[in-house]
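> Got a predicted structure here, sequence first:
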Amino acid sequence: MNRGWSPFNITSVVLGFAFLYIPILILIVYSFNASKLVTVWAGFSIKWYAEAFANQSLVDAAWVTFRVAIVSASIATILGTLAALALTRYTRFHGRFLFSGMIYAPLVMPEVITGLSLLLLFVAIGMDRGMTTVILAHITFSMCFVAVVVQSRLVSFDRSLEEAAMDLGATPTRAFLQVTLPIIAPSVFAGWMLAFTLSLDDLVIAQFNSGPGATTLPMKIFSQVRLGVTPEINAVCTILVAVVATGVIVTSISLKRQELQRQRAEQLAAQA
Amino acid sequence: MKTWLQYSAGRMTIWLPYIWLLIFFLTPFLLVAKLSVSETAIAQPPYIPAMNFADGPFGWWRDIKKFTVGNYLFITEESLYWKSYFSSLWIAFVSTMLTLLIGYPLAYGMAKAPREWRPTLLMLVILPFWTSFLIRVYAWIGILKKEGLLNQLLLSMGVISDPLTILNTNVAVYIGIVYSYLPFMVLPLFANLEKQDFTLLEAAEDLGCTRRQAFWKITWPLSMPGVIAGCFLVFIPAVGEFVIPSLLGGSETLMIGRTLFDEFFANRDWPISSAVAIILLLILIVPIMMFQRSEARAREAGR
């Protein structure tokens, strides 16, 4: 009896992936459309890309978004990794319950509430809204995602490696930097990538916490989309999709290669 | 000196993220709660502070006595709000069921795929999750609008004679939610189905079950943890969704995330939006707790 890959299974997988990918493919294809009408094909053209790059406000928004994403992802990765360490290493400390609650709550918090609450904080302390406030907001919600990603790796980390390093005279900090960090590095990097794309993608929280001169790309896209679909926006979206997809694919391939190398090294070590 | 440094380095791992979250997560949240009991005012910022930390303990008590439940009363009286809550829950529920209907066969097919294909298929499910949410929702506008691709296709095939109105209706919102959250449904389902022992099905068939019976009696009950996890992962964020109803929905699409956003930006009524946010959280706490409990139970069972 055939228990494997039946026609029904193949059909459901093909249809499922068609549903997931066709809308994005259509968006990409129509960004190369010569016609201004988004839905009528009138030949291949890259003029919308040229127009997108010539549109200063779009370029400015892209630049703001990129800077916000780099800075917030980097700080969120540091804080998130520390939080993951705290959660896995220190099982008992004062207020641990509150701490883990504050790590998990932002993951399920509706964005409108996170955005609104941070705005109220910035108003209460009299901080002008702008790029800094958007960065602070993005750090806060993405550090929790980083913490969860890194924590899942730390749980399976063999602590005797660190203890061995300390027996050989390393300080805890040095043992962490030279033994633990290289081993958990892939998950830390995955956390950074996640924080980066979350920041790149965020509309709602930025909308609440941004001020004049700090319009991010999603805010720009959102305000233009309300006026209608334009091929220029299609072009911008295509660039964004290409950048993120390349980043994710390259990262996952290089992580896989690292993993293979590690396994090979372990095998060699076992044989020696 | 050295030991003190080491000690403080260890403490730093806790205190740095802890203090950050206290300032940027807990405090803002308390501010929302406080503002929800404050009175609206035409001012900048547009509310009368209900409590001033500079007043000192006696002043605080005076402030607390001035707290008003007026905003909450207003929300219960105004049909727009409770209609928004109910309609959000309903839209999220319907979309979750539709996502399960589409996600289950996909996850099942993936779990049955040849072993060497599975990592690639898994990657293909995760990849859309990395691409911008906004862009994925935006992509549907061009497909669903009146002169859009779906109508063109259906018209040219002769299925319909007049273009359908899908964009700016609840149907478009369902499509948007199902599309955006499908990976959240597929991932836990796939993780569950892939681990299942398919020889159980063979045993059932040897004992006289039809394939369909074997599925409903074995695979489906065993996949329940995956189904529950997937449904919560779709339902919880869908309730507070803002981008999808505002881009794909119409004027009749009431969702609380959108109502809150409009209340805040269009009406500039901060105390009311804060009260709306607090009630939304109270509503979401129930499914979140249920989800946490079922996850904890699954972890226990896994041990």
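In hand now; what should we look at?
> Let me see the confidence value for whatever residue of chain B ends up closest to chain A.
Closest to chain A within chain B is B:Gly240: 2.6 Å, counting by Cβ to the nearest Cβ. In this view, the C-beta of every residue, glycine as well, is placed from N, C-alpha and C. Turning to B:Gly240, the model gives it a pLDDT of 91.
> cool, B:Ser36 as well?
Note on B:Ser36: pLDDT of 87.
> pretty sure it is touching B:Ala277, no?
Yes: the pair B:Ser36 and B:Ala277 passes the contact test of Cβ atoms under 8 Å, sitting 7.4 Å apart.
> Neighbour count for those two, which is higher?
Remark: of B:Ser36 and B:Ala277, B:Ala277 carries more neighbours, 30 against 24, as counted by other Cβ atoms under 10 Å in any protein chain shown.
> what's the nearest residue to residue 85 if we skip its chain neighbours?
Using chain A. Distance criterion Cβ to Cβ, 6 or more residues apart in numbering or on different chains; nearest residue to A:Leu85, sequence neighbours excluded, is B:Thr13 at 4.8 Å.
> look at chain B instead
Nearest residue to B:Tyr85, sequence neighbours excluded (Cβ to Cβ, 6+ apart): B:Ile256, at 5.5 Å.
> For the lengthiest helix in chain A, what does the pLDDT average out to?
In chain A, with assignment by DSSP state H, the single longest helix is helix A:231-271. Taken as a whole, helix A:231-271 has an average pLDDT of 82.
> Which strands or helices does it pack on?
With contacts taken as 3 or more Cβ pairs under 8 Å, 6 or more residues apart in numbering or on different chains; DSSP states H and E, helix A:231-271 sits against helix A:7-31, helix A:47-54, helix A:56-89, helix A:181-201, helix A:217-225, helix B:118-130, helix B:133-144.
> which stretch of helix or strand covers the residue nearest in space to the middle of chain B?
Centrality entry for chain B: nearest residue to the mean C-alpha point is B:Pro237, 0.6 Å, by Cα atoms, centre = their mean. Assigned by DSSP states H and E, B:Pro237 belongs to helix B:224-239.
> For that helix, which outside residues touch it?
Under the contact criterion Cβ atoms under 8 Å, 6 or more residues apart in numbering or on different chains, helix B:224-239 has outside partners A:108, A:110, B:88-89, B:91-93, B:95-96, B:99-100, B:103-104, B:107, B:177, B:181, B:184-193, B:256-257, B:280, B:283-284, B:287-288, B:290-291, B:294-295, B:298, B:301.
> Can you name every helix or strand that whichever strand or helix holds A:Met143 contacts?
Per DSSP H and E, A:Met143 falls inside helix A:131-154. Counting contacts by 3+ Cβ pairs under 8 Å, 6+ apart, helix A:131-154 is packed against helix A:56-89, helix A:96-108, helix A:111-124, helix A:181-201, helix A:204-209, helix B:2-21.
> If we ignore the residues flanking it in sequence, what's nearest the residue nearest in space to the middle of chain A?
Central residue of chain A (Cα atoms, centre = their mean): A:Leu194, 2.4 Å from the mean position. Of all residues not flanking A:Leu194 in the chain, A:Phe145 sits nearest, at 5.3 Å (Cβ to Cβ, 6+ apart).
> follow-up on the earlier one: now tabulate the helices and strands packed on helix A:231-271 in TSV and tack on mean pLDDT.
Listed next are those as TSV, based on pLDDT from 0 to 100:
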stretch	mean pLDDT
helix A:7-31	90
helix A:47-54	88
helix A:56-89	93
helix A:181-201	90
helix A:217-225	90
helix B:118-130	86
helix B:133-144	88
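> Quick one, which of the ones you listed gets closest to A:Ala265.
Comparing the helices and strands packed on helix A:231-271 against A:Ala265 with Cβ to Cβ, the closest turns out to be helix A:181-201 (12.3 Å).
> contacts for the closest one?
Residues outside helix A:181-201 that contact it (Cβ under 8 Å, 6+ apart): A:65-66, A:68-70, A:72-74, A:76-77, A:80-81, A:138, A:141-143, A:145-147, A:149-150, A:152-154, A:157, A:161, A:217-218, A:240, A:244, A:247-248, A:251, A:255, A:258-259, B:130, B:132-134.
> buried subset of those?
Buried positions within these, assessed by neighbour count (16 or more other Cβ atoms under 10 Å in any protein chain shown), are A:65-66, A:68-69, A:72-73, A:76-77, A:80-81, A:138, A:141-143, A:145-147, A:149-150, A:153-154, A:217-218, A:240, A:244, A:248, A:251, B:130, B:132-134.
> just to revisit the earlier point, which one, of the helices and strands packed on helix A:231-271, ends up nearest to B:Trp270?
Among the helices and strands packed on helix A:231-271, the nearest to B:Trp270 by Cβ to Cβ is helix A:217-225 (20.3 Å).
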